[in-house]
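Trainee: sequence-free structure coming up:
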Ligand SMILES: CC(=O)SCCNC(=O)CCNC(=O)[C@H](O)C(C)(C)COP(=O)(O)OP(=O)(O)OC[C@H]1O[C@@H](n2cnc3c(N)ncnc32)[C@H](O)[C@@H]1OP(=O)(O)O
Ligand SMILES: O=C([O-])CC(=O)C(=O)O
């Protein structure tokens, strides 16, 4: 038995949800470029769950259904109020989502209908949890979700208490479309491993949130913004990046396990970053990002991934830095739950082997002789 470090190149499951073939990403066979240009997030959520695009009435129904599930139990709000004010936002989300199961009477109902319903509740409630967390730590009361409104609009409304403008809603919605699913990424794999024991969907999504939190995965978008803030202005970019590369440090938001010639999602986020920079009148983050890309791609051949330009996009939307990864989780809940439902449909316990590298033939030494 020989281990493959990081399971690189190992095909661990079949899936009909999303594919990355020759650098092209599709959801249910539809190119991500088409979805980014044309689809709303709810259309993509429907596509991932049901395997086809919704017609008008199916889409309208899903928007109403999701907004109908968006309210979170008072006990979750009370619990968030007890969290330390400076707690890590992904740790808060992980804890709150785990707790949602405690207040769902069908949390352990494993029927297909109950699991789809719980996928909808999770998709609807994550944005409410994150907005409530952000307001509570700022000393404000949480705002209840509106009914009949899209996830993007509702999230920005619950976060700020104001009706968000159309540009912001559309930008967030496109970002959610772009982050919704990505084959067998680490957090989706974590979700599938968890539910393959026939554990419940809340456990699967909680595992996934824990995996997404890390800076080698979803946590990179926040790390990118921390880097941009540390650099400060375009004048400092060259020295900063050259020094990092010389020290063999990783530049967050670059590189990918699967894409070696570039992440097809990055160009959409780059364009959004530029457009939002023009609208807000602050091109600093975009200009710095372009300069960083030139140096990192020029010197290392590494291309930006989905996390790189999403950092400046969310900053232009005035979203606090530590909500970037939770927003990724809002989007990826659609993919996680689609994969969990697919796993249940054709389940087998996921249990690989390890190549043992420890000592062998060791004698047991009685404790008094050690
Ligand atoms: C949504 C997402 O999860 S997208 C990914 C988000 N993560 C990041 O942006 C973090 C930065 N990037 C990385 O750490 C990596 O590129 C990963 C985790 C995305 C992929 O990792 P792997 O496929 O395991 O590649 P690995 O880390 O082994 O890198 C291979 C080589 O490229 C280098 N490299 C990879 N990424 C970077 C980077 N961002 N900056 C500098 N060098 C890099 C490594 O140092 C390594 O060099 P070496 O062979 O000289 O040791
Ligand atoms: O697929 C991966 O390894 C990481 C990624 O880009 C994603 O999850 O969107």
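Mentor: Received, thanks. None of these values were measured; they are calculated from a predicted model. Ligands and ions are numbered 1, 2, ... in the order given.
Trainee: Enumerate the residues of the stretch 251-370 of the chain near ligand 2.
Mentor: 256-258, 305-306 (C-beta under 6 Å from any ligand atom). (C-beta placed from N, C-alpha, C; glycine too.)
Trainee: CSV please, covering those and showing secondary structure and pLDDT.
Mentor: Shown next, in CSV, are those (DSSP: H, G, I helix; E, B strand; the rest coil; pLDDT from 0 to 100):
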residue, secondary structure, pLDDT
256, coil, 98
257, coil, 98
258, coil, 98
305, coil, 98
306, helix, 98
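Trainee: wait, residue 171 sits on residue 272?
Mentor: Yes: using C-beta atoms under 8 Å, residue 171 is in contact with residue 272, at 5.7 Å.
Trainee: Identify the contacts common to those two.
Mentor: With contacts taken as C-beta atoms under 8 Å, 6 or more residues apart in numbering, residue 171 and residue 272 have residue 313 as neighbours in common.
Trainee: what sits up against the helix or strand containing residue 152?
Mentor: According to DSSP states H and E, residue 152 maps onto helix 151-160. When contacts are defined by C-beta under 8 Å, 6+ apart, helix 151-160 is touched by residues 41-42, 66-67, 70, 123-124, 127-128, 130-132, 134-135, 142-146, 149, 163-164, 168-170, 172-173, 176, 317, 319, 323, 327, 330.
Trainee: Likewise for stretch 318-326?
Mentor: Outside of stretch 318-326, the residues that reach it under the criterion C-beta under 8 Å, 6+ apart are 88-90, 93, 126, 130, 133-134, 159, 212-213, 218-219, 221-222, 225-226, 229, 310-311, 314-315, 327.
Trainee: Likewise for stretch 239-249?
Mentor: Contacts for stretch 239-249 (C-beta under 8 Å, 6+ apart): 230-231, 250-251, 292, 295-296, 299-300.
Trainee: just the residues you listed now: which is nearest residue 1?
Mentor: residue 250 (30.3 Å; C-beta to C-beta).
Trainee: name the element the residue lying closest to that closest one once chain neighbours are set aside belongs to?
Mentor: Excluding the flanking residues, the one nearest residue 250 by C-beta to C-beta, 6 or more residues apart in numbering is residue 244, at 7.9 Å. Element membership of residue 244 [criterion: DSSP H and E] is helix 237-246.
Trainee: Just the buried residues of that helix, please?
Mentor: 237, 240-241, 244-245 (16 or more other C-beta atoms under 10 Å).
Trainee: go on, stretch 128-147?
Mentor: Buried residues in stretch 128-147, defined by neighbour count with 16+ other C-beta under 10 Å: 128-137, 142-143, 145.
Trainee: Same check on stretch 204-224?
Mentor: Here stretch 204-224 shows 204-213, 215, 217-224 as buried, counting by 16+ other C-beta under 10 Å.
Trainee: for stretch 155-168, same thing?
Mentor: Buried residues in stretch 155-168 (16+ other C-beta under 10 Å): 155-160, 164, 168.
Trainee: Which residue ranges of the protein form strands?
Mentor: 18-21, 24-27, 30-31 (DSSP state E).
Trainee: which other helices and strands contact the second one?
Mentor: Right, strand 24-27. On a contact count with 3 or more C-beta pairs under 8 Å, 6 or more residues apart in numbering; DSSP states H and E, strand 24-27 meets strand 18-21, helix 32-38, helix 41-50.
Trainee: Might you name the residue of this structure sitting closest to ligand 1?
Mentor: Going by C-beta to the nearest ligand atom, ligand 1 is nearest to residue 255 of the chain, at 2.3 Å.
Trainee: Tally up the residues packed near that residue, please.
Mentor: Applying other C-beta atoms under 10 Å, we find 19 residues neighbouring residue 255.
Trainee: Same check on the one 5 residues further on?
Mentor: Burial of residue 260, expressed as a neighbour count using other C-beta under 10 Å, amounts to 11.
Trainee: show me the contacts for the closest residue to residue 15 other than its chain neighbours.
Mentor: Leaving aside its chain neighbours, residue 15 sits nearest to residue 342 (6.2 Å; criterion: C-beta to C-beta, 6+ apart). Contacts for residue 342 (C-beta under 8 Å, 6+ apart) come out as 15-17.
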